[in-house]
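Chemist: let's see this in three dimensions:
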Amino acid sequence: SMRKEIEEKLGIKAYDIYGLSEIAGPGVGYECEYQDGTHLNEDHFFPEILDPITSQPVKPGETGELVFTHLTKEGMPLIRYRTKDLTALHYERCSCGRTLVRMERILGRCDDMLIIRGVNVFPTQIESVILELPEFEPHYLLTVDRINNTDRMELKVEVRSDYYSDEINK
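Modeler: As a prediction, this is how the structure comes out:
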């Protein structure tokens, strides 16, 4: 992944910081040394996870759209601001001792989601798999067509030249 590459090349440990300019900038949440989710600053924000289609709350740990309500902003607070970010929240105490809710890494965005034959497909998930496979270049083409009333998804990837036989070049 890009994160691993940055850590290896720079010899550092990378941490996530979450923020939205509409809410408060980069101070909404941060990752601790255990990197088991992003701690959200619940003293300033009330986070919720809603089903992106029904707008109903999901069970703890289930994936849905992240929604924030300002708790301490006095001028024009946002109430149930829909971020379009897809994630899940965990309420158990973190290994670091903090009790703030932890947010999983962002899976994708509601507006990036494709529904193929009733299954939610996120192009970002497909991309993360491609980037993990050393035989592929980081270039791909994802197309979705409707053929005979059935959704059909096709993925084309570029194989790195050092991974295929010289016979192909002839």
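
Chemist: how close does the closest residue to Val58 other than its chain neighbours get to Val129?
Modeler: In this structure, Val58 finds its nearest non-sequential neighbour in Gly64, 4.3 Å apart by Cβ to Cβ, 6 or more residues apart in numbering. All C-beta spots, glycine's among them, are computed from the backbone N, C-alpha and C. Per Cβ to Cβ, to the nearest Å, Gly64 is found 22 Å from Val129.

Chemist: among the two, which residue is more densely surrounded?
Modeler: Gly64 (24 against 10; other Cβ atoms under 10 Å).

Chemist: now the helices for this structure?
Modeler: Secondary structure of the chain (DSSP state H): helices located at 2-10, 123-132, 166-169.

Chemist: most tightly packed of these?
Modeler: Comparing the helices of the chain by mean neighbour count (mean count of other Cβ atoms under 10 Å), helix 123-132 comes out on top with a mean of 14.

Chemist: pull the longest strand from the protein.
Modeler: strand 136-147 (DSSP state E).

Chemist: nearest residue to Tyr140 in space, please, no chain neighbours.
Modeler: Closest to Tyr140 by Cβ to Cβ, 6+ apart is Val157, at 4.8 Å.

Chemist: quick check: domain ranges of this structure?
Modeler: Domain segmentation of the chain under automatic domain parsing yields 2-109, 113-169.

Chemist: by mean pLDDT, show me the worst of those domains.
Modeler: Mean pLDDT values for those show the minimum at domain 113-169, a mean of 82.
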